[in-house]
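1. have a look at this prediction, sequence included:
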Amino acid sequence: MQFLKEYPRKKITLQEIERHYHLTDYRELYDFILQLIQQNVISPIKSSGVNGKKPSLYKSYRIQNCIENEDPLKEEVMYLFHPLLKQEYYLSHLKQYQLDREAVLKINDFFKNRLSLLQEPTAMNERSFQIFSQEKFLATEGKRVLKNLGLSLENLNLYETAEPLAYFSVSKKTPQTVLIVENKDTFYSLRKHLMAGKTTIFGQEIQTLIYGGGKKVWKGFCHFEASVEPFLLHELNRFYYFGDLDYEGILIFEQLCATFYCEPLVSAYEAMVKKAAHLSLPKTKEGQNRNEKGVFFSYFKEASQMRKILEEGRYIPQEIVTMRDF
């Protein structure tokens, strides 16, 4: 049964058991599975369904990981743990400790021998590699193991990281006007427009384009000061936003301007509506949050046509306008 004791996951399929133990005869496989169940080595996962044969077997099983001798594990938890690691959870869940032991001991070693590293704030993946030699472990299983030890990510002195902002500037003069663009294709088209020597976009002079990337823009602008060059931080710079004319695009704008002042590029949205006048527009994607607060529409003298399009279950993608329209 060593294979099942050392199996890296808590669940195993009937096919994996059959393959590993070379049980080609079905009756032999059936008897073997029954024996494992009776010995409390595995238990059937009834939701997996049966295999359709007679007598039937379930398709998947949970490995019970019975502990033959609990005392060494208990002593390890009670006497080996660093004082900052709480023992209670694992003392009452020794089976789980057996599964998590490798990760727990790495955390314990870090607290015992490298605790001074916590004095310096570090990004999550970097701290994860310091502790586990796996850069992604903290973002996945690591959070659960920390919780079991009475710790949280905050205890590891991490700083948050976000996707860096992608931007393109034709000038670093200050103050300047900046346009935040929701979608990638429009960002690249507008960049080509400016690189060709054009200075305005829908009648507005623009020196810098920032790629918002949809909802990613919220996190990106939380770290705006750390993500851009000093000329974009000038207090008199003016920021505009341009995205899809749908509920999601409006919500992206309204949530962004709640923490970072910007306003919609009105002329761009008006150009979208004008171009859409005689076109068959796509249907609004299902499940969109429609709880816009009216902030977006307050910038327009006449917003009835835009509201009408949305109320009819339609929307205008930003890509309706191209370089010929800018």
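-> Arrived safely, thanks for sending. Numbers count the residues shown, from 1 in each chain.
2. give me the number of residues near F326?
-> By other CB atoms under 10 Å, 20 other residues sit near F326. From N, CA and C alone the C-beta is placed, and that goes for glycine too.
3. how about residues contacting whichever strand or helix holds V217?
-> Assessed by DSSP states H and E, V217 sits inside helix 216-222. With contacts defined as CB atoms under 8 Å, 6 or more residues apart in numbering, helix 216-222 is touched by 160, 162-165, 180, 182, 212-213, 227, 252, 255-256, 259-260.
4. repeat the analysis, applying 10 Å as the threshold.
-> Contact with helix 216-222 is made by 160-166, 180-182, 210-213, 227-228, 239, 241, 243, 252-253, 255-260, 262, as judged by CB atoms under 10 Å, 6 or more residues apart in numbering.
5. list the buried residues for whatever helix or strand comes next after that helix?
-> The helix or strand immediately downstream of helix 216-222 is helix 224-227, counting by DSSP H and E. Going by neighbour count (16 or more other CB atoms under 10 Å), the buried part of helix 224-227 is F224, S227.
6. same check, this time on stretch 279-297
-> Buried residues in stretch 279-297, counted by 16+ other CB under 10 Å: T284, E292, F296, F297.
7. and if you look at stretch 85-96?
-> Applying 16+ other CB under 10 Å to stretch 85-96 flags L85, Q87, Y90, L94, Q96 as buried.
8. look up how far E70 lies from the fourth one.
-> What it means is L94. 5 Å (CB to CB, to the nearest Å).
9. for R238, what are its contacts?
-> R238 makes contacts with P175, Q176, T177, V178, L179, Q204, I206, Y261, C262, E263, as judged by CB under 10 Å, 6+ apart.
10. distance of it relative to S227?
-> Note on R238: its distance to S227, by CB to CB, is 19 Å.
11. next one: Q35
-> Taking CB to CB, one finds Q35 at 61 Å from S227.
12. same deal with T177?
-> Counting by CB to CB, the gap from T177 to S227 is 19 Å.
13. likewise L105?
-> According to CB to CB, L105 stands 38 Å off from S227.
14. who touches stretch 75-90?
-> Residues outside stretch 75-90 that contact it (CB under 10 Å, 6+ apart) are 73-74, 91-92, 94, 96-98, 100-101, 104-105, 107-113, 115, 145-151, 155.
15. E126 is in contact with K136, correct?
-> No: using CB atoms under 10 Å, K136 makes no contact with E126, being 11.5 Å away.
16. residue ranges for the strands of the stretch 51-200 of the chain, please.
-> 60-63, 122-123, 158-159, 166-169, 177-181, 200-201 (DSSP state E, counting those that start in this stretch).
17. using CSV, please lay out these together with distance to A303, mean pLDDT and mean neighbour count.
-> Formatted as CSV, the strands of the stretch 51-200 of the chain follow (distance: least, CB to CB, whole Å; pLDDT from 0 to 100; neighbours: other CB atoms under 10 Å):
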stretch, distance to A303, mean pLDDT, mean neighbour count
strand 60-63, 55, 90, 18
strand 122-123, 43, 92, 14
strand 158-159, 41, 86, 16
strand 166-169, 29, 94, 17
strand 177-181, 20, 96, 24
strand 200-201, 21, 96, 18
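18. tabulate those (JSON lines), appending distance to E311.
-> Shown next, in JSON lines, are those (distance: least, CB to CB, whole Å):
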{"stretch": "strand 60-63", "distance to E311": "48"}
{"stretch": "strand 122-123", "distance to E311": "45"}
{"stretch": "strand 158-159", "distance to E311": "44"}
{"stretch": "strand 166-169", "distance to E311": "34"}
{"stretch": "strand 177-181", "distance to E311": "26"}
{"stretch": "strand 200-201", "distance to E311": "29"}
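19. least confident pick among the buried residues of stretch 279-297?
-> Minimum pLDDT for these is recorded at E292 (84).
20. contact partners for G197?
-> By CB under 10 Å, 6+ apart, the contact list for G197 reads V170.
21. give me that answer again for 6 Å
-> With CB atoms under 6 Å, 6 or more residues apart in numbering as the criterion, no residue contacts G197.
22. and D325, how far is that from M306?
-> Noted for D325: a distance of 17 Å to M306, by CB to CB.
23. what does I17 give?
-> 61 Å.
24. next: F111.
-> Distance from F111 to M306, by CB to CB: 57 Å.
25. then I42?
-> Distance from I42 to M306, by CB to CB: 60 Å.
26. look at those two and report which has more neighbours.
-> Using other CB under 10 Å, the more surrounded residue of I42 and M306 is I42, with 23 against 20.
27. could you say what helices and strands the helix ranked longest in the chain packs with?
-> What stands out as the longest helix in the chain, according to DSSP state H, is helix 94-113. Helix 94-113 sits against helix 124-132, with contacts defined as 3 or more CB pairs under 6 Å, 6 or more residues apart in numbering; DSSP states H and E.
28. show me what the helix it packs on is packed up against.
-> Applying 3+ CB pairs under 6 Å, 6+ apart, one finds that helix 124-132 makes contact with helix 94-113.
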